[in-house]
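Colleague: the following comprises the amino acid sequence and a computationally predicted model.
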Amino acid sequence: MTSDLTRYGAVTAKVRAMYGKRLQAADYTKMAAMKSVSEIADFLRAHPNWGEPLASADTASLRRERLESILRRRYLTHVLQLFLYMRREDRIVMRYPILAVEMDQLMRVMRMAAAGQAAEYIFDQPEIVKTLSRVRFDLLPRTETYDDLLEAVRNTNFYTSLKRIRPENGAFPPYLLVEAQMRRAYFRSLGEMLRGRRGKSGELLREAIGIQADWINIAMIDRILRYYPALMPDVLQYLLPAGIHLTALEIRTMIALESAEGLRALLARTHYGSYLAGHDEDSMEKVGQLCLMTFFRRRMAGGVPSVFMPIAYINLYQNELQNLIHTIESVRYGLPAESTKKHLVIL
């Protein structure tokens, strides 16, 4: 404990200060009412957490895709800088943002390959990701078959899970199944990173992973009930085994539902019932994100300095990035400001 207090006291103060500079609800209200992507870029250029990479940008000609790429790079560069404050033995825990980037890039190229557009894939992350990753990003633009994708991930944490669902004819498996298997590999990797980690920080990290897994499962059950009911007999292969606050009986009761209509009433009687109050119109994905971000914010605000603190901040910062991207896309396509704000997770 003394070692954590000594090592992570400064970084905890740093991330709390950075989180204090986060975008506020009023900022999102302003941006949602803007008329162009350029206006948002100008607004962000003056913000302490997002302005640096936009300082020399020609915002007048900045397109949505380019602005989003700049912000994603800013997020990841900012995250990787926190490695400098970590004890060497803790740095493995910080590898999970790289896993998340790998998963995002692989799912993107799969969507492009399914549309015959994989050759247009461009790696849009900081170059250091290639150094830290074992994905063959150079092979992704050549992805024409599922075997091509498997070759690109042969030396990664995803290979075994993805190979397991390879069809005999080498065609792409259903997107939903690939997504589920990739998430399983991701959470299995997180569990391996935390293996043997004890103390309060280990408890908090495992609880955070469990909460995220619970809500991914809830959202997946809701999604399948609504849009893919024929998949319900095999629903377990789409779920994660890493949850924490839902019992086996509660999961079995959920997957026994005949429609999504009864899911909220069932969840109201679980550990997560209080998070549903006042969110009748919100998706399960949004409620789950709100639950997880609330967990990180509360623990970061009042917890003891440890490796958990920078990880909590990274997740909160990523949520801010997701809010920004949604706002930018809404403005680009002329959606009403009120509609935009309904999809944001603002604490």
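Modeller: Everything's here; your move. Numbers count the residues shown, from 1 in each chain.
Colleague: phi first, then psi, for the closest residue to residue 323 other than its chain neighbours.
Modeller: Leaving aside its sequence neighbours, residue 323 sits nearest to residue 344 (CB to CB, 6 or more residues apart in numbering; 4.7 Å). C-betas here are computed from N, CA, C, even on glycine. With angles defined as degrees, to the nearest 10, residue 344 sits at phi -90, psi 150.
Colleague: tell me who's in contact with residue 344.
Modeller: Taking CB atoms under 8 Å, 6 or more residues apart in numbering as the criterion, residue 344 is in contact with 28, 323, 326-327.
Colleague: same question, residue 155
Modeller: Contacts of residue 155 (CB under 8 Å, 6+ apart): 134, 136.
Colleague: helix, strand, or coil at it?
Modeller: coil (DSSP: H, G, I helix; E, B strand; the rest coil).
Colleague: tell me how far it lies from residue 129.
Modeller: 15 Å (CB to CB, to the nearest Å).
Colleague: looking at the protein, which helix is longest?
Modeller: helix 199-227 (DSSP state H).
Colleague: so for that helix, mean pLDDT?
Modeller: Mean pLDDT, computed over helix 199-227, is 96.
Colleague: and if you look at stretch 272-290?
Modeller: Stretch 272-290 comes out at a mean pLDDT of 95.
Colleague: same check, this time on stretch 51-62
Modeller: For stretch 51-62, the mean per-residue pLDDT is 92.
Colleague: how far does that stretch sit from the chain's center?
Modeller: 26 Å (CA atoms, centre = their mean, to the nearest Å).
Colleague: ok, and what's touching that stretch?
Modeller: For stretch 51-62, with CB under 8 Å, 6+ apart as the criterion, the contacting residues are 37-38, 41-42, 44-45, 70-71, 73-74.
Colleague: list the contacts of residue 244.
Modeller: Neighbouring residues of residue 244 by CB under 8 Å, 6+ apart: 206-207, 209-211, 213-214.
Colleague: where does it land in three-state SS?
Modeller: coil.
Colleague: take the contacts of stretch 51-62 and keep only those in helices.
Modeller: 37-38, 41-42, 44-45, 70-71, 73-74.
Colleague: residue 274: which of those is nearest?
Modeller: Among these, residue 71 lies closest to residue 274 (CB to CB), at 32.5 Å.
Colleague: show me what contacts the closest one?
Modeller: 44, 50, 53, 321, 324-325.
Colleague: helices along the stretch 151-300 of the chain, start to end?
Modeller: Ranges of helices within the stretch 151-300 of the chain are 159-164, 175-194, 199-227, 248-255, 263-267, 273-276, 284-302, based on DSSP state H, counting those that start in this stretch.
Colleague: how about TSV for the ones you listed, with distance to residue 309 and mean neighbour count added?
Modeller: Putting those into TSV (distance: least, CB to CB, whole Å; neighbours: other CB atoms under 10 Å) gives the following:
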stretch	distance to residue 309	mean neighbour count
helix 159-164	31	16
helix 175-194	16	18
helix 199-227	9	19
helix 248-255	31	14
helix 263-267	30	16
helix 273-276	23	15
helix 284-302	6	18
